[in-house]
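1. Build the 3D model from these lines:
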Amino acid sequence: MNAQAIISRLERFAETLPAAVAGLSPDGASFKPTTGAWSILEIVCHLADEEVDDFRSRLRGVLDDPSKPLAPIDPEGWARERRYNEQDLVATVARFVRERRESIGWLRSMKHPDWTRSHEHPRFGPIAAGDLLASWAAHDALHLRQIAKRLYELASLDAPEYKTAYAGQWGA
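-> Alright, predicted model coming up:
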């Protein structure tokens, strides 16, 4: 595994995310499609919470003592309970960037981590520290794709009397 490449990708995402959502109005940030999919604001809140309560915490737990249970997570519940769609986008992006920088500092400070250390997850089976690191970067990419889809949908909302077909079809 090229851990340094993954860590560098995680580090760059702290610049990518703010650039992707810069300048969104509060209405644009909180727009939810009729499918019920998350708004951009909800996605950013999720990323900020996952940074602390999931990936960094769980990776640390597996590296420190993989026999201990991992703290439970409930992303869908957090979105409701923490009222993601009522948060401030700028403040949440800043929180994500701050937490990501802390994560990068921690990741870069480790001397020869054992990426093969594995936790026996009750639902997924064995999860190695390397699985968590790789999944962390993949998680960023999945949510960047979601953000891109919301931005695509907002283009149609901002010009309801016009068609966006010339741009190409989403997912093509």
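2. so which strand or helix has the closest residue in space to Asp140 that isn't next to it in sequence?
-> Among residues not flanking Asp140 along the chain, Phe13 sits closest, at 4.6 Å (CB to CB, 6 or more residues apart in numbering). Yep, even glycine has a C-beta here, placed from its N, CA and C like the rest. Assigned by DSSP states H and E, Phe13 belongs to helix 3-21.
3. got the buried residues for that helix?
-> Residues of helix 3-21 classed as buried by neighbour count (16 or more other CB atoms under 10 Å): 6-7, 9-11, 13-14, 17, 20-21.
4. List the contacts of Gly61.
-> By CB atoms under 8 Å, 6 or more residues apart in numbering, the residues touching Gly61 are 68, 70-71, 119.
5. picking that back up, tabulate the buried residues of helix 3-21 (a markdown table), appending pLDDT and distance to Lys163.
-> Listed next are those as a markdown table, based on pLDDT from 0 to 100; distance: CB to CB, whole Å:
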| residue | pLDDT | distance to Lys163 |
| --- | --- | --- |
| Ile6 | 98 | 40 |
| Ile7 | 98 | 43 |
| Arg9 | 98 | 36 |
| Leu10 | 98 | 38 |
| Glu11 | 98 | 39 |
| Phe13 | 98 | 33 |
| Ala14 | 98 | 36 |
| Leu17 | 98 | 30 |
| Ala20 | 98 | 24 |
| Val21 | 98 | 25 |
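6. okay, these in JSON lines with distance to Ser103 next?
-> Putting these into JSON lines (distance: CB to CB, whole Å) gives the following:
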{"residue": "Ile6", "distance to Ser103": "12"}
{"residue": "Ile7", "distance to Ser103": "9"}
{"residue": "Arg9", "distance to Ser103": "12"}
{"residue": "Leu10", "distance to Ser103": "7"}
{"residue": "Glu11", "distance to Ser103": "9"}
{"residue": "Phe13", "distance to Ser103": "10"}
{"residue": "Ala14", "distance to Ser103": "9"}
{"residue": "Leu17", "distance to Ser103": "13"}
{"residue": "Ala20", "distance to Ser103": "19"}
{"residue": "Val21", "distance to Ser103": "19"}
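7. So which of those is the closest to Arg58?
-> Among these, Leu10 lies closest to Arg58 (CB to CB), at 14.5 Å.
8. quick one, what contacts that closest one?
-> Leu10 is in contact with 100, 103-104, 107, 136-137, 140, counting by CB under 8 Å, 6+ apart.
9. low-scoring stretches of this protein, by residue?
-> Residue ranges of the chain with pLDDT under 70: 170-172.
10. Please give the element, helix or strand, for the most centrally placed residue in it.
-> With distances taken as CA atoms, centre = their mean, Leu47 lies nearest the centre of the chain, 3.4 Å away. Element membership for Leu47, per DSSP H and E: helix 40-50.
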